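*Asks:* here is a sequence with its predicted model. Questions after.
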Amino acid sequence: MDEPVLLTGAGGRVGQAILRHLGERFEWRLLDREPLSNAKLPAGVDADDVFISDITDDATVRHVVDGCRAVIHLAGDPRPEAPWDSVLQNNIDGTQTMLEAAVDTGVEKFVFASSNHAVGAYETDARTPDMYRTDDEFRLDGTELPRPSNLYGVSKATGEVLGRYYHDHHDLSVVNVRIGNLTEGHPPIDYERGQAMWLSYRDCAHLFERCVLADYDYEIVYGISGNDRRYYSIERAREVLGYDPQDNSAEWSGDEHVDGDR
Ligand SMILES: NC(=O)C1=CN([C@@H]2O[C@H](COP(=O)(O)OP(=O)(O)OC[C@H]3O[C@@H](n4cnc5c(N)ncnc54)[C@H](O)[C@@H]3O)[C@@H](O)[C@H]2O)C=CC1
Ligand SMILES: O=C1O[C@H](COP(=O)(O)O)[C@@H](O)[C@H](O)[C@H]1O
């Protein structure tokens, strides 16, 4: 049997998108600081695989990480408006604690939930709203320097750099997924920026599945669906990870029924 994959922040939106589609794909260990109701647990995951802890609790984190082949690290404060003390503790200190435990216990791959907000300041007044539209050719591809929108974005850029350090000094394989805008069922309505960076639930799960299965050294990729409207390139995710998205925000006029699979 394969060694388990640890999913932090398992009870949140991204975690549930992953578990809904990949519940039976891997042996899971789940960690969240909030208790997970039975409805949030995939079949086959029992109480022994679920850990209720803060990611800054070093001793518990080491115990949970030990024996895992990969970590998908989602736990953190996801609010673009989050204050510094929260992102410092939950996003920066928490991510460093996870990475340190990962290298100390021999984890092979670390998948980090970064964000569009690590590069939000590329969306200048001169470029917007044109860059959100189909006929605009401006693209970010992951090779650009961070330009955070806010302190939350600073914390995500810092998480990417922490991953770089642990890759370079400890040979941990690290992929940073700059997630766009995950919404269930359909793209954001009346929000061009959100439609350009929509990530459907099933594309989200598929992308993180590829992050666990593919071989890489250190990568930064964008996590969006195959939207016609986009300013993030998904070529690197296709090339290195084998990402093959199924959804495209252009297929939605806004009048369709909600399909919970997407
Ligand atoms: N939802 C989205 O569209 C995007 C999400 N992200 C990132 O993806 C990750 C997950 O986001 P969501 O699922 O939307 O957020 P969420 O708030 O729905 O889920 C986060 C989960 O992490 C847990 N958590 C938070 N701090 C923790 C800590 N210190 N220790 C243990 N558990 C903790 C929470 O209890 C929650 O269950 C976050 O890191 C976020 O920054 C990035 C870009 C877009
Ligand atoms: O990083 C994140 O980004 C998404 C999209 O950002 P928004 O500014 O367009 O709302 C956000 O919904 C999510 O909460 C956040 O973690």
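*Replies:* Alright, I've got the coordinates. Ligands and ions are numbered 1, 2, ... in the order given.
*Asks:* stretch 93-108: how far from the chain's middle?
*Replies:* Its chain's C-alpha centre and that of stretch 93-108 lie 17 Å apart, by CA atoms, centre = their mean, to the nearest Å.
*Asks:* buried sites along that stretch?
*Replies:* Using 16 or more other CB atoms under 10 Å as the test for burial, stretch 93-108 gives 94-103, 105, 107. Any C-beta I mention is one placed from the backbone N, CA and C, and that applies to glycine too.
*Asks:* my read is Ala121 is in a helix, agree?
*Replies:* Yes: Ala121 sits within a helix when classified using DSSP: H, G, I helix; E, B strand; the rest coil.
*Asks:* show me the contacts for the closest residue to it other than its chain neighbours.
*Replies:* Sequence neighbours aside, Arg147 is the residue nearest to Ala121 in space, at 3.7 Å (criterion: CB to CB, 6 or more residues apart in numbering). Arg147 makes contacts with 119-122, as judged by CB atoms under 8 Å, 6 or more residues apart in numbering.
*Asks:* which of those residues are buried?
*Replies:* Among these, those classed as buried by 16+ other CB under 10 Å are 119-120, 122.
*Asks:* thinking again about what came up before, state the helix or strand in which the residue nearest to Ala121 lies.
*Replies:* Here Arg147 is covered by no helix or strand, with elements defined by DSSP states H and E.
*Asks:* check it and give its pLDDT.
*Replies:* The model reports Arg147 with a pLDDT of 98.
*Asks:* distance check, it against Trp252.
*Replies:* In this view, Arg147 and Trp252 are 29 Å apart by CB to CB, to the nearest Å.
*Asks:* dump the buried ones among the contacts of Arg147 to a markdown table, plus pLDDT and distance to Leu31.
*Replies:* Converted to a markdown table, those look like this (pLDDT from 0 to 100; distance: CB to CB, whole Å):
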| residue | pLDDT | distance to Leu31 |
| --- | --- | --- |
| Val119 | 98 | 28 |
| Gly120 | 98 | 28 |
| Tyr122 | 98 | 33 |
